[in-house]
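1. sequence? don't have it. structure:
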């Protein structure tokens, strides 16, 4: 193993006068009295005995609610009593009154009482549960019950007891859901859950120490979901699945979740095997974004389940539970040969790896904060860099963190990002300077009970960890928590009686030292003069240094801290292909220098050689290679700089965005098996398709790439996803004669294929249908029932409504009773006011088009976001279809490609715009239409505004902001603009080149000019589909 050498040399610049000790190192005492004019800290003797009062919050997740009792089909023993309210409980009862939360609170109180009683009076531990007091001056926090513990005693013992409390209570509780297709767990003879499945759920709950519920499907709970999904163009197969809801601590939930997924594989008749691999190698073997594992799963057609990456950091183990071994990797496959093949590939991959490791020192208090608040962020850092980060156990007071990777560059990136996370947490000290007892004999220090009550109040209302030792408050926590704690301390009457000194410590990367201090420390000197504080740069190590803000008054220290934070760097990073860097920088850097001076933002470019990446992985993963940095007070300029830079990039390589599509996770295995085709698709459209890891049990597939290429890649990818829809009806003699006639039946199928790209299967034989990503349609029908199964690919799902309507219209003359049809997709109802006035026959009251099918680029349905339920989100293809037409995305793209007129906008238009929108965009002066006239034809008053002086163009089209105008240009260099475009919902503020501002600009230039572009907002394709599997008995191991 290669060891990266690291030197933690302490550098204290002489220019800043004084230095300070590391606040987070163990310390036993501080001098009782200090001169008000001195800021030096004395070093006490180690033998001196001091009493420390430590207060901290216990993150019980008391806002975690249980399942709805009406949705529960089955619960593991005791789970329903713990996670639901007893009968007769008032509706307004808060969630933290659930029996499970009350039980955790009582367990904490009992543990604190045991600590106090068993110490013989040397230790006092007090547990309280309160709600934080609302305050406008404090940062907004999640409301709910907060459990607080205050421990008094010797320094070392107090911190050990804090670790004991955190590791013996069920903190960080969570829930997880695994969806199961109904045909996998339902009994074939009766519509009931198999007893073997229920017994396995109970066994899994007991083995892992969790509470597991089997819940009804979402469609069964909310029948409206079916209609909503039908309106989106497809059957909501995913909403028909049952849900396994798991509750418990984080590590136990992950264990139970994996066991549930393995149960599903057993139902599918898959075999299970185990391979042991050291925990530190798991992320390295997986590769960046898990690519190596997906390649192995594709080649061997297996599923590989890795354990959680941080086992043991939380020491709690539920009573009677068995922890998953941290070095066990489960592999499931249809045959043992495939599993052995996967194990062999894993061994070969491990033998080919080169290991690099590095140890870094991080404050022990900040390690605990990262474990409690930023663990998900650390997991993403590890996945992005294919590295492993090994933390000590929570509360251990050890500051050593080891980072291991397969490349020095990836290890360094990981370390820097971990150190940046540490900089998100502050520490502060509030020293009370007591006068000599002979000069103030009437002053009485607070008692231990008063100190514990005071610390508990501060900790509860701020969220920071507070300790009080020898009249010194020590505060650790996030930036907002530390500020809130100081605000509460300043309001304590005991504190206001004495002079004090405040020191706030901010950790920052070494590379930002000159950025914050300014030339010749000009910024720092100005802040010190304005706010009457002292600012010290100290504690330099290999990566970070400390900024100490010291003051003798709270308001002055607060103002000085705010001014320092305003000078700290705010940055934004994004990807621009390397071939555009020279164009953006300009000759001698004149273009980028103009942008930097205009917005007061520093811009830095890095190419592949600077990043040190020449491997294929770096080509696949689009690393941010442009970083813009400015002081936090000027952060709003970052988006404007990004917009100007992206305006100089061709549309095919425009800003990188991500789209998500929901596909049944069981069908992911079929898609991963076709990884070669997916890689060709990625190369063709310059996009990246990412599947979730197997143990996540997620249905969401992410497609990322240039915003103009993602819709095309999404359409090509969805061609690989087959789906099906079933229609049932009452049999008649005429219909049987029609389907028995091969000529008539084949003619119908050819029409459906040609017009709608949908195939029709009449009463298909079991096993004859192609595999589908939707719910299983393999079932036994009654003799009087007829079935039609429509098969299609996901990219053509938008035309399913029209296909069914056409099919019914062809079968009604053959004797089909339309009233007996099951599975027809209803048309969405109009939302106009015409239904409320049925007795008026007025030509003014026209049928308003449905908002769901409107082609206007400003329709409200384009505002679908992550908060919208999956079934209610509009399909991508519904947004591209014109009402009443059968146009699919593919036919739309082919029509666009056949239009070769360079003077039209349709040639260069975004793939996200519908044809109807583009036609209106091509209309004369459509860029500034009257909103009451959406026809694209000018009103008389608009025609009157055209001035002959401007060559037939309205005066607004001669604005100097329009880069393609024919007006005179000014002298001097101008940055070349490559067809400005609107923002693709990237979160940037509108600029002078986006459509969301108030600057009028033409939507179409003359034939000799380049076209202007219009983009719809970013759309999330989230059609819910379901997978199929044979109905097999459950073999339990």
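-> Good, I have the coordinates. Note that the structure is predicted; figures quoted are calculated from it, not measured. Residues are numbered from 1 along each chain as shown.

2. show me where the stretch 151-300 of the chain has strands.
-> 173-180, 211-215, 242-249, 271-276 (DSSP state E, counting those that start in this stretch).

3. List the neighbouring strands of the second one plus their orientation.
-> Read that as strand 211-215. Strand 211-215 has the following strand partners under DSSP bridges: strand 72-75 (antiparallel), strand 242-249 (antiparallel).

4. For the stretch 401-550 of the chain, just list every one of the strands.
-> All strands of the stretch 401-550 of the chain, identified by DSSP E, counting those that start in this stretch, fall at 425-432, 465-469, 472-478, 500-509, 534-538, 544-551.

5. Please identify the buried residues of the fifth one?
-> By neighbour count with 16 or more other C-beta atoms under 10 Å, strand 534-538 contains the buried residues 534, 535, 536, 537, 538. In short, each C-beta sits where N, CA and C put it, glycine included.

6. Among those residues, pick out the one closest to residue 420, please.
-> Residue 420 lies nearest to residue 537 out of the buried residues of strand 534-538, by C-beta to C-beta, at 18.0 Å.

7. Can you tell me how far the closest one is from residue 547?
-> 6 Å (C-beta to C-beta, to the nearest Å).

8. try residue 667
-> Distance from residue 667 to residue 547, by C-beta to C-beta: 53 Å.

9. For residue 589, find the nearest of the strands of the stretch 151-300 of the chain.
-> Using C-beta to C-beta, the nearest of these to residue 589 is strand 173-180, at 50.3 Å.

10. Which neighbouring elements make contact with that closest one?
-> strand 242-249, helix 250-267 (3 or more C-beta pairs under 8 Å, 6 or more residues apart in numbering; DSSP states H and E).

11. Direction included, what does it pair up with?
-> By DSSP bridges, strand 173-180 pairs with strand 242-249 (antiparallel).

12. about what we covered before: which one, of the strands of the stretch 151-300 of the chain, ends up nearest to residue 704?
-> Once the strands of the stretch 151-300 of the chain are compared by C-beta to C-beta, strand 173-180 is nearest, at 24.6 Å.

13. what is the rounded mean pLDDT of that closest one?
-> Averaged across strand 173-180, pLDDT comes to 95.

14. and residue 558, how many neighbours?
-> 20 (other C-beta atoms under 10 Å).

15. Who are the packing partners of the helix or strand in which it is found?
-> Element membership for residue 558 (DSSP states H and E) is helix 554-567. The helices and strands touching helix 554-567, judged by 3+ C-beta pairs under 8 Å, 6+ apart, are helix 479-490, strand 500-509, helix 513-517, helix 522-531, strand 544-551.

16. Wait, residue 559 touches residue 549, no?
-> No. When contacts are counted by C-beta atoms under 8 Å, residue 559 is not listed as touching residue 549 (9.9 Å).

17. shared neighbours, these two?
-> residue 533 (C-beta atoms under 8 Å, 6 or more residues apart in numbering).

18. For those two, indicate the residue with more neighbours.
-> residue 549 (28 against 18).

19. Quick one: residues contacting the more buried one.
-> 503, 504, 506, 533, 534, 535, 557, 560, 561, 564.

20. Could you give the number of residues near the first one?
-> Translated: residue 503. 21.

21. can you tell me how far it sits from residue 626?
-> Residue 503 is 37 Å from residue 626, by C-beta to C-beta.

22. and the helix or strand containing residue 737, what other elements does it pack with?
-> Using DSSP H and E, the element containing residue 737 is helix 733-740. Applying 3+ C-beta pairs under 8 Å, 6+ apart, one finds that helix 733-740 makes contact with helix 742-756.

23. Who are the packing partners of the helix or strand just after the helix it packs on?
-> The helix or strand immediately downstream of helix 742-756 is strand 759-762, counting by DSSP H and E. In terms of contacts (3+ C-beta pairs under 8 Å, 6+ apart), strand 759-762 is packed against helix 742-756, strand 785-793.

24. which of those sits most buried?
-> strand 785-793 (a mean of 20; mean count of other C-beta atoms under 10 Å).

25. Within its sheet, name the partner strands of that strand and how each one runs.
-> strand 722-730 (antiparallel), strand 759-762 (antiparallel).

26. Next up, the contacts around the spatially closest residue to residue 445 that is not a sequence neighbour.
-> Closest residue in space to residue 445, ignoring its immediate chain neighbours: residue 471 at 7.4 Å, by C-beta to C-beta, 6 or more residues apart in numbering. Going by C-beta under 8 Å, 6+ apart, residue 471 touches 32, 431, 432, 434, 445.

27. Tell me which two of those sit farthest apart.
-> Across the contacts of residue 471 (C-beta to C-beta), the longest gap, 14.5 Å, separates 431 and 445.

28. neighbour-wise, which of these two wins?
-> More neighbours surround residue 431 than the other of residue 431 and residue 445, with 22 against 10 (other C-beta under 10 Å).

29. quick one: the more buried one and residue 493, what's the gap?
-> To residue 493, residue 431 is 18 Å away according to C-beta to C-beta.

30. cool, and residue 815?
-> Counting by C-beta to C-beta - residue 815 and residue 493 are separated by 90 Å.

31. Look at these two and report which has more neighbours.
-> Comparing residue 815 with residue 493 by other C-beta under 10 Å, the one with more neighbours is residue 815, at 15 against 6.

32. so that one makes contact with residue 730?
-> No. Using C-beta under 8 Å as the test, residue 815 is too far from residue 730 to be in contact (9.8 Å).

33. Model confidence score at residue 17, please.
-> pLDDT, read off for residue 17, is 34.

34. got any ranges where the protein has weak pLDDT?
-> 1-49, 134-143, 188-190, 224-236, 436-444, 608-621, 766-768, 775-782, 826-1037 (pLDDT under 70).

35. if we go to 80?
-> 1-50, 132-144, 187-191, 223-237, 435-445, 607-623, 651-655, 764-785, 817-820, 822-1037 (pLDDT under 80).
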